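Q: Next comes the sequence, and after it the predicted model I'd like to discuss.
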2 protein chains.
Amino acid sequence: MSTTTAVTTTADERIDDWLDRLNQALEARDIDAACALFGPDCYWRDFVSLTWNLHTAEGVDEIHAMLASTLAHTAPGGFAREGDADEADGVTESFITFETAVGRGRGHLRIMGDTAWTLLTTLQELKGHEEKTGRNRVRGVEHGVVRDRENYSERLARERAELGYTKDPYVVIIGGGQGGIGLAARLRKLDIPTIVLEKNPRAGDSWRNRYESLHLHDPVWYDHLPYLPFPQDWPVFSHKDKIGDWLEAYTKIMELNYWTSSTVQSATYDEQAQRWSVEVDRDGEQLTLHPTQLVFATGMSAVPNIPDVPGQDVFAGEQQHSSQHPGPHDYTGRKVVVIGSNNSAHDICAALWEYEADVTMVQRSSTHIARSDSLMELALGGLYSEDALAAGVTTDKADLLFASLPYRILPELQKPVYDEMYKQDKDFYDALEAAGFMLDFGEDGSGLFVKYLRRGSGYYIDVGASQLIIDGGVKLVTGQLDHLTESSVVLEDGTKLPADLVVYATGYSSMNGWVAQIVSQEMADKVGKVWGMGSDTTKDPGPWEGELRNMWKPTQQDNLWFHGGNLHQSRHYSQFLALQLKARMEGMPTPVYALAPVHHTS
Amino acid sequence: MSTTTAVTTTADERIDDWLDRLNQALEARDIDAACALFGPDCYWRDFVSLTWNLHTAEGVDEIHAMLASTLAHTAPGGFAREGDADEADGVTESFITFETAVGRGRGHLRIMGDTAWTLLTTLQELKGHEEKTGRNRVRGVEHGVVRDRENYSERLARERAELGYTKDPYVVIIGGGQGGIGLAARLRKLDIPTIVLEKNPRAGDSWRNRYESLHLHDPVWYDHLPYLPFPQDWPVFSHKDKIGDWLEAYTKIMELNYWTSSTVQSATYDEQAQRWSVEVDRDGEQLTLHPTQLVFATGMSAVPNIPDVPGQDVFAGEQQHSSQHPGPHDYTGRKVVVIGSNNSAHDICAALWEYEADVTMVQRSSTHIARSDSLMELALGGLYSEDALAAGVTTDKADLLFASLPYRILPELQKPVYDEMYKQDKDFYDALEAAGFMLDFGEDGSGLFVKYLRRGSGYYIDVGASQLIIDGGVKLVTGQLDHLTESSVVLEDGTKLPADLVVYATGYSSMNGWVAQIVSQEMADKVGKVWGMGSDTTKDPGPWEGELRNMWKPTQQDNLWFHGGNLHQSRHYSQFLALQLKARMEGMPTPVYALAPVHHTS
């Protein structure tokens, strides 16, 4: 209908044009030309493909530095659009594919006008070491009748007899929860000899052992493990025992070398031999394992934080950290004071209420509350839901989209979500405040996920306990602890709370606390604090680091890694940790760009 | 480019036009008009949606009769194209959807010119009883804190304590192989209280107990169970123990009430009460179950066929039916004569050869051999392969396409496949014949799948044993048994085969033999022969019946059903059996059209 002669381009063409120019610049090793393709506010986030690290270069100067260091040996190129580009509000975006000297990658690009705003590049596979899926799957049997051929059961039995005894695993994963299990599945697909050490007697027990009424707080679409999605009829919020049973089935289906009832007593690293000695009690048997790589997948909870309160020695009742709390069964009719107001505190209060204990929550500082339904609708729905699937946003795509937003700009993009949540749930929030609850939405209003990334605490995904606080079923007191008497908790304002049990739902120290326990305090200090990104907010001190500290990427200690996070993170980031480990096992050069320095030891 | 004024229509338009005319005719209850839409050579195959049966109406007269009987109460309508139509060789085809008074359906249509050649209608779900998948999935938990709420584990524990003890199952499935397991999963999704009785101690043992080198003969894409497809990295041909482990995990994931170490001693049907009494030994505990519906999923192998040969009483060595053969381990260096030349005979010979027994196969009649690779490429590749998936042919669509070809025309359509196979593998077939092996491709050259449907025997999917015969590693003798001496098998031509062990790989009688064993000979005769379609070929006597006898559909005995077949059939047909059972449980009218009469008792 247009009668102008102006050249109008489609979204696809604009993406293609930008990628062509990037390819030309990279091929010519012309870093200035490549940098000229980025706008003033720009980000290149790279997972492993250029940096052998998880790193976000922010602004043209950092992108220039990154390319100057990595372009020659990684040789990225062949950038191409994957699928159709989208366009909204002046931003054109598309999934992309590319190659490097040693691998193939996928990513995501956003351009505004002629220049890029965000570019994500992630390594997907190493050439010559592709996973054997789809067309590439193994045959299983070369048909034909062969004497003395080793079959599936014989191979598994031999492997299980050898690994850790006569043959060293390449990787040992400490912790067999969903994080360790998902990573081990990825390592299995890459033929990396791996042992998972789990202290409980059965896979899934880390879920089964939790309080009875626990269901997932995140919806099913967000929670898939790698390779084997939950069936189509899986509940939106599964019960913890169902997840436990799934994890147990999964470890078997994935043929993991999963050692149950196995605890790590100590580990030491031999810098000379570049391998670990890991002392293990395997169901009573003492063993020393010698893996090259050691992964802590022990959960974000390490050494319990218990506040030092005068009178703890004179209090006559029970005192427990939340991690020691055995569940509500024995406390019917008893007086319980729960110190804290985050997820654990709420969960424990609700379970105690179910068993008709007399429960008081002591809130010491403001807490972010997000209702599970609202979170699902407003924060996750676009990426992880039936609607998202219907719109073609598969789990893989959702994970890439999620990762495509660098942490620097994430808070600004999250604020509208929580503004809307506050508006939508205003009556609920008003009722909570009327009950005396101190609310926040993060220091900058950026809500739950950013708070989770910054400090892993400070919030509750409401699955019902908030209503108990509103209704007074769980009594709420705000204030600071002053001391304990023989029979009560006394706050600074003089409030006296009679108690048979005090639960300290007061959180945990950083995950490197596990390293201190298992290896040494020295090594824990060497690798430093785990989690957080230097946002200069409470419990996440600066300077800015741009990616989560120490998670899924090289640390200051060779051959020591941290893995975990929620189900979504464990699923997605296990892919990049697995590729880093595979490259090292195969002896490929893996020069790490911008290895993060340590600013904090805990 | 055309300058004519003729109206050209697209494939989509031709399909839409035909469906519109069908809708108008059906809505007007104008059976003649509906029949006028079919060509002279036409088929309407219906699974449950109109007939509450599996039935193929062949030709206009049978279609007329079917509609005359069913149209008024089933009220099919709303036929619509699903996806794009295809066109080749003068045939236009498309997937379709439709509704009936009580359900929703999918199907497939082929038209030539203005009239239909084949129409498939299948019931997919009952209105008001839809499976809870995707958008319809259960929430799992209504968030909120509720006292005395029953959680997942408590519900499962209660159900397992009650079902079969204080609460009657609606369905009992005898046999917990892949057939019983897949059906039970479907019944679970439809909230039908079901118990599966498995004689072995663990789910999957029916696979584990088979010979050591066994791998699936069909490729992975053909073998998925309902709801939970194999992971993307599953081998093309899995080892039997891996399948066993998968089935065991599957029963747990699907929350089946799966009773292991449980054997059925007898069952009787109370015509008055319209329910069964099933005597069960559950791991030493004697129980009587009272299900309304009883499903035999006992495998197509019932009472062993052992030929009556003079001298069986004087033979001093061992004699076993193939079903009793314990595997090759104890026969190294021993002389074994295997009677028969179908799958079991080949498998047993190959396993014995692996253990260095001295093996002779006695072939009594010609056998169809299809190499597994060729079968995968030529017979299955279009529907079940990575190529098929890449072309958008999902497992669901492949199953519908497979079903869209009525059995009457299937042989003619299969012949070119096997002509091509013969050409492609000519050297192999020549070598087999040179070794003295008597080959066939079915009486009309229609090959393996048709032979399987007609008689469930008479073939070997070659996974290697044929080469042993060609090479002489397994000795081949052709002829008929005459008698046994103390130490040998003697054929009619006088050939004397010294033997320590004689294995009768001589097949099984019909599956209603299980009914004779468990219920009564009278009831076995009442329901008659199971499997086959009356093709008037060897072991499948006429008259023509059009669908498999007694499988997955109503039998002459109320509330008695047969389920099974290969993994593909178990997956697909379990859907229709499950819907038939659900409708009955809900008390919906289920008038069966064209209940098949019994022409043969075995």
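A: Arrived safely.
Q: C-alpha only now, for contacts and for neighbours.
A: OK.
Q: Nearest residue to the residue of the stretch 451-600 of chain A found nearest chain B in space, ignoring adjacent ones along the chain?
A: Closest to chain B within the stretch 451-600 of chain A is A:Gly464: 3.6 Å, counting by Cα to the nearest Cα. Among residues not flanking A:Gly464 along the chain, B:Gly144 sits closest, at 3.6 Å (Cα to Cα, 6 or more residues apart in numbering or on different chains).
Q: Name the residues of the stretch 251-400 of chain A found near chain B, please.
A: A:252-253, A:350-351, A:354-355, A:386 (Cα under 8 Å from any Cα of the partner chain).
Q: one step back: isn't the residue nearest to A:Gly464 right up against A:Ala465?
A: Yes - using Cα atoms under 8 Å, B:Gly144 is in contact with A:Ala465, at 6.9 Å.
Q: Those two: which has the busier surroundings?
A: A:Ala465 (26 against 14; other Cα atoms under 10 Å in any protein chain shown).
Q: For that one, list the residues it contacts.
A: Applying Cα atoms under 8 Å, 6 or more residues apart in numbering or on different chains to A:Ala465 gives the contacts A:346-347, A:349-350, B:144-145.
Q: now A:Met551
A: Per Cα under 8 Å, 6+ apart, neighbours of A:Met551: A:530-531, A:561-564.
Q: Relative to chain B, which residue of the stretch 51-200 of chain A is the closest?
A: Closest contact between the stretch 51-200 of chain A and chain B, by Cα to the nearest Cα, is at A:Gly144 (3.6 Å).
Q: can you pull out the strands in the stretch 1-150 of chain A?
A: A:38-47, A:54-58, A:77-88, A:91-99, A:103-112, A:115-126 (DSSP state E, counting those that start in this stretch).
Q: Out of these, which gets nearest to A:Ile518?
A: strand A:54-58 (25.7 Å; Cα to Cα).
Q: list the buried ones in the one helix or strand A:Lys423 maps to?
A: Using DSSP states H and E, A:Lys423 sits in helix A:410-424. Buried residues in helix A:410-424, defined by neighbour count with 16 or more other Cα atoms under 10 Å in any protein chain shown: A:411, A:414-418, A:421-422.
Q: now stretch A:293-313
A: Buried residues in stretch A:293-313 (16+ other Cα under 10 Å): A:293-306, A:311-312.
Q: just to revisit the earlier point, ok, residues contacting the helix holding A:Lys423?
A: With Cα under 8 Å, 6+ apart as the criterion, helix A:410-424 contacts A:370, A:374-375, A:378-379, A:429, A:441, A:444-447, A:450.
Q: about what we covered before: what's the most distant pair in the residues of the stretch 251-400 of chain A next to chain B?
A: A:Ile253 and A:Tyr355 (37.5 Å).
Q: For the two, indicate the residue with more neighbours.
A: Neighbours were tallied for A:Ile253 and for A:Tyr355 using other Cα under 10 Å; the higher tally belongs to A:Ile253 (22 against 19).
Q: Surely the more buried one is in contact with B:Ala249?
A: Yes - A:Ile253 is within contact range of B:Ala249, at 7.4 Å (criterion: Cα under 8 Å).
Q: What average pLDDT does stretch A:465-478 get?
A: Stretch A:465-478 carries an average pLDDT of 97.
Q: shaky segments in the stretch 301-450 of chain A?
A: Low-confidence segments of the stretch 301-450 of chain A (pLDDT under 70): A:302.
Q: same thing but 90
A: Along the stretch 301-450 of chain A, segments meeting pLDDT under 90 span A:301-305, A:323-324, A:326-327.
Q: So which residues of it form helices?
A: A:343-354, A:372-374, A:386-390, A:395-403, A:410-424, A:426-434, A:447-455 (DSSP state H, counting those that start in this stretch).
Q: Can I get the ones you listed in JSON lines including distance to B:Gly473?
A: Shown next, in JSON lines, are the helices of the stretch 301-450 of chain A (distance: least, Cα to Cα, whole Å):
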{"stretch": "helix A:343-354", "distance to B:Gly473": "68"}
{"stretch": "helix A:372-374", "distance to B:Gly473": "67"}
{"stretch": "helix A:386-390", "distance to B:Gly473": "55"}
{"stretch": "helix A:395-403", "distance to B:Gly473": "51"}
{"stretch": "helix A:410-424", "distance to B:Gly473": "69"}
{"stretch": "helix A:426-434", "distance to B:Gly473": "80"}
{"stretch": "helix A:447-455", "distance to B:Gly473": "66"}
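Q: Go through those helices and pick out the most buried.
A: helix A:343-354 (a mean of 24; mean count of other Cα atoms under 10 Å in any protein chain shown).
Q: Residues contacting that helix, please?
A: A:211-213, A:322, A:327-329, A:331-332, A:338-339, A:358-361, A:457, A:459-461, A:464-466, A:468, A:473-474, A:505, B:145-148.
Q: before we move on, what about stretch A:587-602?
A: A:51-53, A:55, A:66, A:69-70, A:509-510, A:512-513, A:524-530, A:543, A:545, A:549, A:554-556, A:580, A:583-584.
Q: Could you identify the longest helix within chain A?
A: helix A:567-585 (DSSP state H).
Q: contacting residues around that helix?
A: A:47-48, A:52, A:123-126, A:170, A:178-179, A:182-183, A:186-187, A:190, A:192, A:222-226, A:293, A:399, A:552-553, A:563-564, A:589-590.
Q: Please pick the buried ones from those residues.
A: A:47-48, A:52, A:123-126, A:170, A:178-179, A:182-183, A:186-187, A:190, A:192, A:222-226, A:293, A:399, A:552-553, A:563-564, A:590.
Q: which ones among these are found in strands?
A: A:47, A:123-126, A:293 (DSSP state E).
Q: can you list the residues of the stretch 51-200 of chain A near chain B?
A: A:131-135, A:137-141, A:143-148, A:151-153.
Q: hmm, back to that, now list the buried members of the contacts of stretch A:587-602.
A: Buried among the contacts of stretch A:587-602 (16+ other Cα under 10 Å): A:51-53, A:55, A:66, A:69-70, A:509-510, A:512-513, A:524-530, A:545, A:549, A:554-556, A:580, A:583-584.
Q: Can you tell me which of the contacts of helix A:410-424 lies closest to chain B?
A: A:Ser374 (12.0 Å).
Q: Now the closest one: closest residue in space, sequence neighbours ignored.
A: A:Met421 (6.6 Å).
Q: Hmm, B:Thr251 and A:Asn245 touching each other?
A: Careful, residue A:245 is Asp; it's not Asn. No - using Cα under 8 Å, A:Asp245 makes no contact with B:Thr251, being 11.3 Å away.
Q: Stretch A:504-513: end-to-end distance?
A: End-to-end distance for stretch A:504-513, by Cα to Cα, to the nearest Å: 19 Å.
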